[in-house]
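Chemist: Pasting a predicted model and its sequence here:
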Amino acid sequence: MIDRTQYTELVTVVILSAFVPTLIAQQLFQPKVVDKEEEEALGAEDLVVIRPAAGPTSLTSPDPVEPS
């Protein structure tokens, strides 16, 4: 059997074992804030990589496929 003090310590340790790693992860893996202009510029770069400037195909308007 455990007494009231040991129970309190065990409950405290269990709660902190969930809370402390969460705080550490939020500090270490905080996402970078990007302003609107930079976000738009990055979005335009991504489109150039996905959809080349020259070429017969386009991802936005695929050729229709005839059913068999």
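Modeler: Everything's here; your move.
Chemist: What is the least confident helix or strand in the protein?
Modeler: helix 36-50 (a mean of 65; mean pLDDT, DSSP states H and E).
Chemist: Please, where are all the helices along the chain?
Modeler: All helices of the chain, identified by DSSP state H, fall at 4-28, 36-50.
Chemist: Just send these back as a markdown table, with mean neighbour count too.
Modeler: Yep, even glycine has a C-beta here, placed from its N, CA and C like the rest. As requested, the helices of the chain are exported to a markdown table (neighbours: other C-beta atoms under 10 Å):
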| stretch | mean neighbour count |
| --- | --- |
| helix 4-28 | 9 |
| helix 36-50 | 10 |
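Chemist: ok, now how distant is residue 12 from residue 40?
Modeler: For residue 12, the distance to residue 40 (C-beta to C-beta, to the nearest Å) stands at 48 Å.
Chemist: State the mean pLDDT of stretch 25-35.
Modeler: What stretch 25-35 shows for mean pLDDT is 77.
Chemist: Could you do stretch 9-20 as well?
Modeler: Averaged over stretch 9-20, pLDDT sits at 95.
Chemist: For that stretch, give me every contacting residue.
Modeler: residue 2 (C-beta atoms under 8 Å, 6 or more residues apart in numbering).
Chemist: In PDB, could you pull the C-alpha coordinates for that stretch?
Modeler: Taking Å, rounded to 0.1, in the frame of the first residue of the first chain, the C-alpha atoms of stretch 9-20 are listed here in PDB:
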ATOM      1  CA  GLU A   9       4.100  12.300  -6.000                       C
ATOM      2  CA  LEU A  10       3.100   9.500  -8.500                       C
ATOM      3  CA  VAL A  11       0.200  11.500  -9.900                       C
ATOM      4  CA  THR A  12       2.500  14.500 -10.300                       C
ATOM      5  CA  VAL A  13       5.100  12.500 -12.100                       C
ATOM      6  CA  VAL A  14       2.500  11.000 -14.500                       C
ATOM      7  CA  ILE A  15       1.000  14.500 -15.300                       C
ATOM      8  CA  LEU A  16       4.500  16.000 -15.800                       C
ATOM      9  CA  SER A  17       5.600  13.100 -18.000                       C
ATOM     10  CA  ALA A  18       2.900  14.100 -20.500                       C
ATOM     11  CA  PHE A  19       3.200  17.900 -20.100                       C
ATOM     12  CA  VAL A  20       7.000  18.500 -20.200                       C
END
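Chemist: Understood, closing this out.
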